[in-house]
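J.: here are the coordinates; sequence isn't available:
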């Protein structure tokens, strides 16, 4: 008999001619309860009822129960053997896969095999015992719990059970096994439940861009991925540009795409925005994005009137102009045209606040970013090399990208005006460290050629925005040093004298020269042509390929960073917009975008160069890239602790040498792409036509 159950034994008495009542007496050992049913005077049989307590069953137990029968003054004894086997604990068979999204609760269902123990409730809860039935060490209360579950009681007559499990927000995707403790007849036993954590049980396969003209209706097929839920879906699109609507869509079970019909009112204004594709089904809800652009009726892009209206902007109005950063109104207009959201502007504001907090007493910045204590959930940053020139130049550029100089700032947000002093102190630090000497090295800011190019860009932009002659000399001398250090043999730049030219350093140098042009300072066009020649000499064409890719020095294989830097350098140096290398380069860049998910910056320099290049090429591919880049950077920005507003350098492929400062500065510059410069091929005339060359800028006199 099983522990906790009751059994019956029959007793047969051979009367041998004796009459009278039979008396049956038993002696019950510990763990058994024994009762005897009355035996009538003429009966030959009796019944013994045995109950085994729930305390038995730890191991197999065999007990002897003496049974004494008295009849007509005589007695006889036999022994009743009672065997209680070890308890077989109930088992639970999960009836189907369980998929739970982070931040939500799912319910696991089970069939129960009670192993013959009917009528007893079963308690289920979080694991407190191991396989041996012994208590296990408690999890510290301060340890974050990915998955929690609500204790459940299964009724004694139930053959099925359910258990609710809650997955915390931010839990990574993947299978999980949650260990449980069951309690049955006062004894614990181990159990488990399996689930699959999926942020996206289904999702839009890829972010797409939809361009629609006022008065137009377009049907767009959106591919779907099924990764844990195959049932029917309801899809609605929200957050569309004003004047644009989209019909709700129902997708049948196992459907692999949704066809969404967009319609733009005839009065819809040209703009671009990231709309939300909201899908629901099976208790799941997933938000993905689709980029929707209302095209200009005239076709092509144009400079918004709010940008052209500023007197300061008219002075700066060249292709690739800095004019878009001058006013908050102009920035919002350019965000409508080239991407940018309230969330990205808020991320920029947080980043500038971090930069202002981390400036050193002498006006410089450090590549580490600050001496602050890392957040408890993050390890300390590695110590990058000391390069205050690079750090200070990197820190200044995002302030300048918002139109903040030592003399001016946009009127809103009001805190921008408080950053003018930080900019001035940073400029003074760089100016004090600039070499003033006849011959080689004159105008060098120090820190290597990339640091020098960044510092030169900072002074050129400051002069362009302020027209302050006090910074003009620093800008001119910085440009002079760049011209003197260009490699005569190949037209590129290297980080240190004597090293091979490389495309990353060359890209930063070319951007500095272009800033000099935009500031009205003398930059001979022949030097940019030489730089374009270096880009072309760095091309390789791996098989299979549809166009050139670009390589790092001393390498025969292309790299993503070198390719993006090469394309950007070629564009700035005057490549035609219809150059085949640009079209194949666009395809390469857009095939290698920032990830939709993930927690590290990765190849940030590649993303930075590619963002600038695609911004000037415009089009659907840029709209998608801009959304992915913006979402990627906002997701990774720290929003709490001493480092709030910055980006962690861990995982950044130049993080060891560039530190938190480069990670933060390049992230901010990429977020500013919509307004920091106008696209290089965008004509700044009233018609808003596209220019064939990025370098079509009125050549200033050589000073």
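T.: Nice, thanks for sending it over. Note that the structure is a prediction, hence the values are computed from the model and not measured.
J.: which parts of stretch 184-193 are buried?
T.: Within stretch 184-193, the residues scored as buried using 16 or more other Cβ atoms under 10 Å are 184, 185, 187, 188, 189, 190, 191, 193. For the C-beta atoms, the positions are set from N, CA and C on the backbone; glycine is no exception.
J.: what is the mean pLDDT for it?
T.: For stretch 184-193, the per-residue pLDDT values average out at 86.
J.: what sits up against that stretch?
T.: Defining contact as Cβ atoms under 8 Å, 6 or more residues apart in numbering, one finds that stretch 184-193 is touched by 3-4, 54, 57, 87, 89-90, 92, 94, 98, 108, 110, 117, 120, 122-124, 127-131, 133, 149, 163, 165, 177-183.
J.: picking up where we left off before, turn the buried residues of stretch 184-193 into JSON lines, including secondary structure.
T.: As requested, those are exported to JSON lines (DSSP: H, G, I helix; E, B strand; the rest coil):
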{"residue": "184", "secondary structure": "strand"}
{"residue": "185", "secondary structure": "coil"}
{"residue": "187", "secondary structure": "strand"}
{"residue": "188", "secondary structure": "strand"}
{"residue": "189", "secondary structure": "strand"}
{"residue": "190", "secondary structure": "strand"}
{"residue": "191", "secondary structure": "strand"}
{"residue": "193", "secondary structure": "strand"}
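J.: Now the buried members of the contacts of stretch 184-193.
T.: Buried members of those, counted by 16+ other Cβ under 10 Å: 3-4, 54, 57, 87, 89-90, 92, 98, 108, 110, 117, 120, 122, 124, 127, 129, 149, 163, 165, 178, 180-183.
J.: Residue 549 is in contact with residue 539, isn't it?
T.: Yes: at 7.1 Å, residue 549 counts as touching residue 539 under the criterion of Cβ atoms under 8 Å.
J.: about what we covered before: go through the buried residues of stretch 184-193 and name the one nearest residue 14.
T.: Checking the buried residues of stretch 184-193 against residue 14 with Cβ to Cβ, the nearest one is residue 185 at 39.7 Å.
J.: any idea how far that closest one is from residue 609?
T.: 69 Å (Cβ to Cβ, to the nearest Å).
J.: show me where pLDDT drops low in this structure?
T.: Scanning the chain for pLDDT under 70 picks out the ranges 127-144, 299-320, 371-379, 542-548, 552-556, 684-703.
J.: Would you map out the domains in it?
T.: Here the domain assignment for the chain is 6-84, 91-197, 202-294, based on automatic domain parsing.
J.: Span of the second one from start to end?
T.: The one in question is domain 91-197. Domain 91-197 has an end-to-end distance of 24 Å (criterion: Cα to Cα, to the nearest Å).
J.: Quick one: distance of that domain to the chain centre.
T.: Centre-to-centre, domain 91-197 and its host chain are 30 Å apart (Cα atoms, centre = their mean, to the nearest Å).
J.: again with the shortest one
T.: Averaging C-alpha positions (Cα atoms, centre = their mean) puts domain 6-84 73 Å from its chain's average.
J.: Could you export the buried residues of stretch 184-193 as a markdown table, including distance to residue 411?
T.: Formatted as a markdown table, the buried residues of stretch 184-193 follow (distance: Cβ to Cβ, whole Å):
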| residue | distance to residue 411 |
| --- | --- |
| 184 | 72 |
| 185 | 76 |
| 187 | 74 |
| 188 | 68 |
| 189 | 70 |
| 190 | 66 |
| 191 | 65 |
| 193 | 58 |
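J.: ok, of those residues, which one's closest to residue 369?
T.: Nearest member of the buried residues of stretch 184-193 to residue 369, counting by Cβ to Cβ, is residue 193, at 44.0 Å.
J.: any idea how far residue 163 is from the closest one?
T.: 6 Å.
J.: any residues in contact with both of the two?
T.: Listed contacts common to residue 193 and residue 163 are 108, 110, 149, 180; contacts here mean Cβ under 8 Å, 6+ apart.
J.: Let me see the contact set for the last one.
T.: Under the criterion of Cβ under 8 Å, 6+ apart, the contact partners of residue 180 comprise 124, 125, 126, 127, 149, 163, 190, 191, 192, 193.
J.: Surely it is within a strand?
T.: Yes: if the criterion is three-state DSSP, then residue 180 is within a strand.
J.: partners of it in the sheet?
T.: For residue 180, the beta-bridge partners under DSSP bridges are residue 126, residue 191.
J.: change the start of the numbering to 58 and stick with it
T.: OK, 58 is where the count begins now, so the last one is residue 237.
J.: Need the contacts of residue 237 in CSV (columns: distance to residue 711).
T.: Below are the contacts of residue 237 laid out as CSV (distance: Cβ to Cβ, whole Å):
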residue, distance to residue 711
181, 51
182, 49
183, 44
184, 44
206, 44
220, 48
247, 49
248, 49
249, 44
250, 44
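J.: Which of these sits closest to residue 228?
T.: residue 206 (13.9 Å).
J.: Could you find the closest non-adjacent residue to the closest one?
T.: residue 222 (4.7 Å; Cβ to Cβ, 6 or more residues apart in numbering).
J.: in which helix or strand would I find that neighbour?
T.: For residue 222, the host element (DSSP states H and E) is strand 217-224.
J.: which secondary structure elements does that strand contact?
T.: Packing partners of strand 217-224 (3 or more Cβ pairs under 8 Å, 6 or more residues apart in numbering; DSSP states H and E): strand 161-170, strand 179-183, strand 204-206, strand 209-211, strand 244-254.
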